[in-house]
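Student: Below are the sequence and a predicted model; questions follow.
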There are 6 protein chains.
Amino acid sequence: MFFVTVRDHIMIAHSLAGTVFGPAQRMHGATYVVDAEFRSPALDADNIVIDIGLATRALGEALAPLAYRNLDDLPQFAGQVTTTEFLARHIHGELAKRLAGAFTGTLKVTLLESHVAAAGYEAPL
Amino acid sequence: MFFVTVRDHIMIAHSLAGTVFGPAQRMHGATYVVDAEFRSPALDADNIVIDIGLATRALGEALAPLAYRNLDDLPQFAGQVTTTEFLARHIHGELAKRLAGAFTGTLKVTLLESHVAAAGYEAPL
Amino acid sequence: MFFVTVRDHIMIAHSLAGTVFGPAQRMHGATYVVDAEFRSPALDADNIVIDIGLATRALGEALAPLAYRNLDDLPQFAGQVTTTEFLARHIHGELAKRLAGAFTGTLKVTLLESHVAAAGYEAPL
Amino acid sequence: MFFVTVRDHIMIAHSLAGTVFGPAQRMHGATYVVDAEFRSPALDADNIVIDIGLATRALGEALAPLAYRNLDDLPQFAGQVTTTEFLARHIHGELAKRLAGAFTGTLKVTLLESHVAAAGYEAPL
Amino acid sequence: MFFVTVRDHIMIAHSLAGTVFGPAQRMHGATYVVDAEFRSPALDADNIVIDIGLATRALGEALAPLAYRNLDDLPQFAGQVTTTEFLARHIHGELAKRLAGAFTGTLKVTLLESHVAAAGYEAPL
Amino acid sequence: MFFVTVRDHIMIAHSLAGTVFGPAQRMHGATYVVDAEFRSPALDADNIVIDIGLATRALGEALAPLAYRNLDDLPQFAGQVTTTEFLARHIHGELAKRLAGAFTGTLKVTLLESHVAAAGYEAPL
């Protein structure tokens, strides 16, 4: 199994509804350093898993609608608790849309939210 | 597959019996930066894999009996070589006890022991 | 010159008024990983620059009023643009209040806001 | 499943033939920080996955022929595009040769090429 | 004293003439992760040391002529040994040209060349 | 001002006498990732601050007597509390002895003891 990882980041505001979130129920924010890892059993004719330029652009495009936003205001998240896990799956879905046809394999999206916490989502594309 | 990771650390002394360990047979020590990664195929009603506060507390409790200790003196490790791999499984077991009922899925425990070495243990909970 | 550094973090929301901030004029947020470095020309009788437990608690207390908050709503920041530089000086001032008498020397506060950007403030205490 | 990781690095020059590589078609270079992760379902009598000294030496030996080299000049890579993915599999193969008999399990080789990109290869040994 | 740091990177080939460089006399290469730290005693009316967008663009422009290049072929480095220290000063000079008028203070340029080595240059702008 | 940094590490046991150390009064241990930064106002004829091979060997030699040791048993530390600050100055002194004649400038030694704490010592050589 081969894999390639690219990294980007977003800075967002949101609030998390639910008593389990304690003080994070208040409006606050996060920097998410986002890793997209592409896994494939074979290399193509160029000896690559995926064009790293394409992967980087797709990640940038997937993140752009969230960048410098209050997620509580975005229609695509209405009625949703925008946890780190949830956002990882959302970004995974956005990457899937952009890379359909260009990549077949497994995609793992990891959001590093501080030096002591991270979350992510992994599924075939 | 979703996942969440939390991080904590311990500073311990120990000696490793066995010629394979070379100079590490002597009394020495380590800082272990400990990552606990929880993996689950689904999110709960709060859009989370596990309550990150609960995970952090459980990790702290699993590590507390080892913190600032000489592992050679601890009865729970009598007759054992406390390698990084062994300690990862031990911490995994302690987390399993504390989180039984609260989390179903796979738990991966990684101990970073320097900027050039790490070890860990991964198994379903 | 001796020095000791401790690390903690906060997750906040804010908006930055001023055209120079571009999209960051919108409500968004950040994780700030905060390093407090204490510098002193001499060690005390315990061979330390500062009690690391005291430094860690003081940093936690300095950050607590900001944690999981929208900085735009906090009275102590009314009329201020809460840039990373500004927040570093604010945290520096809060640490100075808490550590007056306990530490004499230079304090450097660094806020890491992503994998590609940081800011800070440094001054004698 | 247990695992152990060791880290080393190389600094190499190469050029990547193929329009997909854009400016990287030119002679350039890279620092690859190389992680070798050994995974095994069981520990041996010494409570280890693999002798970490042996793993570190094997990684150093696998990397030595590439260190401070222009990969375009090396006969073992003639006619090959030496992408990060390709090099990860090459190093995997070199480690396999050196550790045959000493380790049974899965080996994952990761090459970190910058703060925003990595690639690797994983397969049973 | 306030400071702001931005990060970018380049991947280059070069050879280092001089017996002190041992195997690095051969054609090889490096990834340099480049940090530019701007230090100033005061904030401007926007509560910043420097517009972080401007700093990031200036760093990108200073690095662009080196990116994916064999430094041995570049006329601006003819007759020079392109050590990490030398390159740090070169990038410092390029940033100085681009930011003259926009920033007054001290600029520190650090090039991280692996997980175990770095070099840099620091001087007033 | 130019600078070069090299990194190595040690794993040691010790206990810290003094009530200020709380649980660290017990026998425990640490991994210290050690950075030695050499600062000089000028480059030599090879465009370097110091031969990085020499610096790396000197750091390795300075650390070797401490590696895999219980510092409480070492005669050179008898009657001393081996705090991180104290050890940084000790390593500084050992490097000074080894590099007298080969380097003139300022040396900064930093010991990273976990992901949340570090200490060091800086002085002219």
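Tutor: Structure received.

Student: Does the longest helix belonging to chain A reach chain B?
Tutor: Longest helix of chain A, by residue count under DSSP state H: helix A:84-99. Yes. Using Cβ under 8 Å from any Cβ of the partner chain, helix A:84-99 reaches chain B at A:84-86, A:88-89. For the C-beta atoms, the positions are set from N, CA and C on the backbone; glycine is no exception.

Student: For chain A, list the residues in contact with chain C, please.
Tutor: Within chain A, the positions lying close to chain C (Cβ under 8 Å from any Cβ) are A:7, A:9, A:11-14, A:23-24, A:26-33, A:67-70, A:73, A:113-116.

Student: Quick one, which of these are buried?
Tutor: A:7, A:9, A:11-14, A:24, A:27-33, A:67-70, A:113-116 (16 or more other Cβ atoms under 10 Å in any protein chain shown).

Student: Give the buried residues for the longest helix of chain A.
Tutor: Those would be A:84-96, A:98-99, for helix A:84-99 by 16+ other Cβ under 10 Å.

Student: and which of those is nearest E:A55?
Tutor: In terms of Cβ to Cβ, no member of the buried residues of helix A:84-99 lies closer to E:A55 than A:I91, at 27.4 Å.

Student: Do you know the pLDDT at that closest one?
Tutor: With respect to pLDDT, A:I91 has a value of 98.

Student: which ones are touching it?
Tutor: A:34, A:36, A:59, A:62-63, A:109, A:111 (Cβ atoms under 8 Å, 6 or more residues apart in numbering or on different chains).

Student: let's see 7 Å
Tutor: Listed by Cβ atoms under 7 Å, 6 or more residues apart in numbering or on different chains, the contact partners of A:I91 are A:34, A:62-63, A:109.

Student: Tell me which helix or strand A:M11 sits in.
Tutor: In the assignment (DSSP states H and E), A:M11 maps to strand A:2-14.

Student: hang on, I meant A:L107
Tutor: A:L107 is located in strand A:106-114, with elements delineated by DSSP H and E.

Student: just the residues of chain A that are near chain B, which are they?
Tutor: By the rule Cβ under 7 Å from any Cβ of the partner chain, the part of chain A lying against chain B is A:18, A:20, A:22, A:81, A:83, A:85-86, A:116-123.

Student: rerun at 6 Å
Tutor: With the criterion set to Cβ under 6 Å from any Cβ of the partner chain, chain A comes near chain B through A:18, A:20, A:81, A:83, A:85-86, A:116-122.

Student: CSV for the residues you listed, including pLDDT and secondary structure?
Tutor: CSV is the format used below for these (pLDDT from 0 to 100; DSSP: H, G, I helix; E, B strand; the rest coil):
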residue, pLDDT, secondary structure
A:G18, 97, coil
A:V20, 97, helix
A:V81, 98, coil
A:T83, 98, coil
A:E85, 98, helix
A:F86, 98, helix
A:V116, 98, coil
A:A117, 98, strand
A:A118, 98, strand
A:A119, 98, strand
A:G120, 98, strand
A:Y121, 98, strand
A:E122, 98, strand
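
Student: Just the buried subset of those, written out for PyMOL, thanks.
Tutor: Under the burial definition 16+ other Cβ under 10 Å, those of the residues of chain A next to chain B that qualify are selected in PyMOL by:
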select buried, chain A and resi 20+81+83+85+86+116+117+118+119+120+121+122
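
Student: The closest residue in space to A:L71 that isn't next to it in sequence and A:N70, how far apart?
Tutor: Excluding the flanking residues, the one nearest A:L71 by Cβ to Cβ, 6 or more residues apart in numbering or on different chains is A:H14, at 3.9 Å. Applying Cβ to Cβ, to the nearest Å, the value for A:H14 to A:N70 is 7 Å.

Student: May I have the distance across stretch A:108-125, first residue to last?
Tutor: 10 Å (Cα to Cα, to the nearest Å).

Student: got it, and stretch A:98-107?
Tutor: 13 Å.

Student: Close to chain E: what parts of chain A are there?
Tutor: Counting by Cβ under 6 Å from any Cβ, chain A has no residue next to chain E.

Student: Name the residue of chain A that lies nearest to chain C.
Tutor: Residue nearest to chain C within chain A: A:G29 (1.1 Å; Cβ to the nearest Cβ).

Student: which non-adjacent residue is nearest the residue of chain A found nearest chain F?
Tutor: Taking Cβ to the nearest Cβ as the measure, chain A has A:H115 as its residue closest to chain F, at 6.0 Å. Leaving aside its sequence neighbours, A:H115 sits nearest to C:V33 (Cβ to Cβ, 6+ apart; 5.0 Å).
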